[in-house]
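1. just a sequence and a predicted model for now, questions to come.
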Amino acid sequence: MTPRNQRAAKLKAVALLAFSLSSAALLALLLGSCSPRLGWGLVLWAAPEGPLPAGTIVPVYIKSNIQKVFVVGVPGLKGRAKNKKIELPFWQVELYSAYRAAAARLKALGPNVSLYMKAARDGLPLRDKPSNSAKRVYRLREGQSVKILEKVEGDAVSTGSQVLPGAWYLVLTDDGTKGYSFSYALRLYDETKEGPPVIASAKQALSGRVDLIFSRSWRPEYFQEMLDEGHVDLDYFSPRFGVFSDTVRRQIRIELPAASQVFNYTDISEASGFYLFGGTPLKVKIESDSRIVCYWSGLDPTAPVEPSPAEEETESGPDVQIQDSAVEGYKSAGVDGNAAFAVLSTDPLEAIRFETLRRQKLLAAFVDEIGGSWTGEDSGRFQVAKNGRFTWKSREGAAAVLVRPELGESGEIAFRLFLDPSLDASWNGSFSLRFDQDASAKGRQKWLDFLYRRSPAGLVLSPAALLPASLVIAAADTRGEPLILESVEE
């Protein structure tokens, strides 16, 4: 190195040293009592190191865009501590140029200034709008607190047909994320009464979409099959069937035709693609945004299932049972300790209303066009009313064979079935009878299904043969002779 270059290097080193010393002196000056003030900050989230309760207005001296922190003063201290300054992250403080603006913001927060909420379970979502259908921007960890900024109007939140109590809030997380949260599964508390919140630990949050289990209305998958086919069986398409969650009580309830289970869980974990509900045998697999499968038998859901002897038998033809054959596939839902559930394409209550109306119209047309009272030799007297009730008294002979006397004399009539198109030329329609006193039925009474047509001889009734697990009549049941009843003028 030439002498000239050596002199230049020395001058550069001296300049760098001078700059470093002046920077240190400047920092010391800023942190001293005469530090120039950058503005005023409103503390949104309590800072125990101050201590600075939420809602404190503090002088702001430094804004570090590199470290993402403000250096703020701690008001109210005396003696040597009166010049105390601490660092607070950007998300914890709102910066204003004037004290008056910070005070106006504090007034706008009102009673929310000291309020927080704590998540009752893992995976609770924050959304970009106050609606359960809005985009998720954050998932809370169990026990994590959020700061309430504002109570807002939002969409109603429901599980099944039940509207959940609660309200929507704009909240702030402990990393600065803002979003909207529904309060049903969060506990509200006041830092002035319970102390400031603890910043959530680094506990690993569930990595999947566990909030889907709690935020959506899950109905048995066969509901959707009924809707797709346009054949709704009201006995098994009921608002009481589905998956119902209560995050506050830590409870999952599964209701199905063949199962009623309540699971009071302690925690939720994730393993091998399943969500495990601690302290219970319940496992849930989320297969898509609109389908989940629940397992509660305690068996390994990934193990191969051995076919039952009935499944190994070769089917010999259509099921021609008269009683209850239409619902064999539905009434056993859940019997094996597992079931699939779906988010329906249609509001189930609207589907029930539509199906009820369809049946009522068919009943009214039957009574108006064909009549409401009939009788026959040894067949007794059969009467139908528009309120959905029937009586069939004094059955003897063929009628007593077809409809056993021990079933009773009264019950309900429903136009619940659908004819295969091949039967349209031979029969006018069908109806089902369910007797009030069917002692042979365990629990739910069974239906007797009939085809009917009007003929010059009177009302012709024939037992109906249904397709398995279906509401479709495939043929008249040839094992029984048709009955012919004559109309009775009222």
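-> Yep, that arrived.
2. can you tell me which residues contact the residue nearest to Gly123 when sequence neighbours are not counted?
-> Using C-beta to C-beta, 6 or more residues apart in numbering and skipping the chain neighbours, the partner closest in space to Gly123 is Val210 (3.9 Å). Where you see a C-beta, it was placed from the backbone N, CA and C, and this is true even at glycine. Val210 makes contact with Asp122, Gly123, Ile268, Glu270, Tyr275, Ile286 under the criterion C-beta atoms under 8 Å, 6 or more residues apart in numbering.
3. most surrounded residue in these?
-> Gly123 (26 neighbours; other C-beta atoms under 10 Å).
4. tell me, what residue is most central in this protein?
-> For the chain, Arg216 is the residue whose C-alpha lies nearest the centre (C-alpha atoms, centre = their mean; 2.6 Å).
5. gap between the nearest residue to that residue once chain neighbours are set aside and Lys361?
-> Among residues not flanking Arg216 along the chain, Val343 sits closest, at 5.3 Å (C-beta to C-beta, 6+ apart). Note on Val343: its distance to Lys361, by C-beta to C-beta, to the nearest Å, is 30 Å.
6. okay, these two: which has more neighbours?
-> Val343 (15 against 11).
7. pretty sure that one contacts Ile292?
-> No. Using C-beta atoms under 8 Å as the test, Val343 is too far from Ile292 to be in contact (9.1 Å).
8. what about the helices in the stretch 151-300 of the chain?
-> With DSSP state H, counting those that start in this stretch, the ranges of helices along the stretch 151-300 of the chain come out as 191-194, 211-215, 221-229.
9. deepest-packed of the ones you listed, please.
-> Highest mean neighbour count among the helices of the stretch 151-300 of the chain (mean count of other C-beta atoms under 10 Å): helix 211-215, with a mean of 21.
10. distance between that one and the chain's centre?
-> 5 Å (C-alpha atoms, centre = their mean, to the nearest Å).
11. what sits up against it?
-> 121, 123-125, 132, 136, 139, 157, 159, 185, 243, 245, 247, 252, 275, 284, 286, 289, 292.
12. using CSV, write down the CA coordinates of that helix.
-> Extracted as CSV, the C-alpha positions of helix 211-215 are listed here (Å, rounded to 0.1, in the frame of the first residue of the first chain):
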residue,chain,number,x,y,z
ASP,A,211,-62.3,-25.2,12.7
LEU,A,212,-64.3,-26.7,9.9
ILE,A,213,-65.7,-29.3,12.3
PHE,A,214,-67.0,-26.6,14.6
SER,A,215,-68.0,-23.9,12.1
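13. quick check: mean pLDDT across that helix?
-> Averaged across helix 211-215, pLDDT comes to 83.
14. beta partners for the spatially closest residue to Leu483 that is not a sequence neighbour?
-> Distances taken as C-beta to C-beta, 6+ apart place Leu461 nearest to Leu483, at 4.6 Å, with adjacent residues excluded. Note on Leu461: beta-bridge partners Tyr452, Leu483, judged by DSSP bridges.
15. so who does Leu461 touch?
-> Leu461 neighbours (C-beta under 8 Å, 6+ apart): Phe450, Leu451, Tyr452, Pro482, Leu483, Ile484, Leu485.
16. which of these tops the neighbour count?
-> Phe450 (27 neighbours).
17. then the helix or strand where that one lies to CSV, C-alphas only?
-> Following DSSP states H and E, one finds Phe450 within strand 448-455. Output of strand 448-455 as CSV, limited to C-alpha atoms (Å, rounded to 0.1, in the frame of the first residue of the first chain):
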residue,chain,number,x,y,z
LEU,A,448,-97.4,-50.8,5.2
ASP,A,449,-97.0,-49.7,1.6
PHE,A,450,-99.8,-49.9,-1.0
LEU,A,451,-100.3,-49.3,-4.7
TYR,A,452,-103.8,-48.0,-5.6
ARG,A,453,-105.9,-47.4,-8.6
ARG,A,454,-109.5,-46.4,-9.2
SER,A,455,-111.5,-48.8,-11.3
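18. tally of neighbours for Glu406?
-> With other C-beta under 10 Å as criterion, Glu406 counts 10.
19. correction: Glu87
-> For Glu87, using other C-beta under 10 Å, the count is 15.
20. please name the nearest non-neighbouring residue to it.
-> Using C-beta to C-beta, 6+ apart, the nearest residue to Glu87 is Val69, at 4.4 Å.
21. that neighbour bridge partners, please.
-> Here Val69, judged by DSSP bridges, has bridge partners Ser64, Pro89.
22. please name the bridge partners of the nearest residue to Gln261 once chain neighbours are set aside.
-> In this structure, Gln261 finds its nearest non-sequential neighbour in Ile254, 4.6 Å apart by C-beta to C-beta, 6+ apart. Listed by DSSP bridges, the beta-bridge partners for Ile254 are Val243, Gln261.
23. how deep is Ile254 tucked in, by neighbour count?
-> So Ile254, with other C-beta under 10 Å, has 21 neighbours.
24. what's the spacing between it and Gln162?
-> When Ile254 is compared with Gln162 (using C-beta to C-beta), they lie 15 Å apart.
25. what do you get for Arg250?
-> 18 Å.
26. which one's more surrounded, the two?
-> Arg250 (20 against 10).
27. isn't the more buried one up against Phe263?
-> No. If you go by C-beta under 8 Å, Arg250 and Phe263 don't touch, sitting 9.0 Å apart.
28. show me which of the contacts of Leu461 is closest to Arg395.
-> Relative to Arg395, the closest of these is Leu483; by C-beta to C-beta it sits at 9.8 Å.
29. for stretch 70-88, measure first residue to last.
-> 5 Å (C-alpha to C-alpha, to the nearest Å).
30. picking that back up, now the helices of the stretch 151-300 of the chain in a markdown table, with distance to Tyr61?
-> Shown next, in a markdown table, are those (distance: least, C-beta to C-beta, whole Å):
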| stretch | distance to Tyr61 |
| --- | --- |
| helix 191-194 | 25 |
| helix 211-215 | 41 |
| helix 221-229 | 62 |
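31. lowest average confidence across those, which one?
-> Looking at the helices of the stretch 151-300 of the chain, the bottom one is helix 211-215 with a mean of 83.
32. now do stretch 250-265: distance to the chain's middle.
-> 14 Å.
33. who's in contact with it?
-> Contacts for stretch 250-265 (C-beta under 8 Å, 6+ apart): 120-121, 213, 220, 236, 240-246, 249, 266, 277-282, 294, 296, 330-335, 337, 339.
34. buried ones in it?
-> Arg250, Ile252, Ile254, Glu255, Leu256, Pro257, Ala259, Gln261, Phe263, Tyr265 (16 or more other C-beta atoms under 10 Å).
35. widest-spaced pair of these?
-> It's Arg250 and Pro257 that sit farthest apart of the buried residues of stretch 250-265, by C-beta to C-beta, at 26.0 Å.
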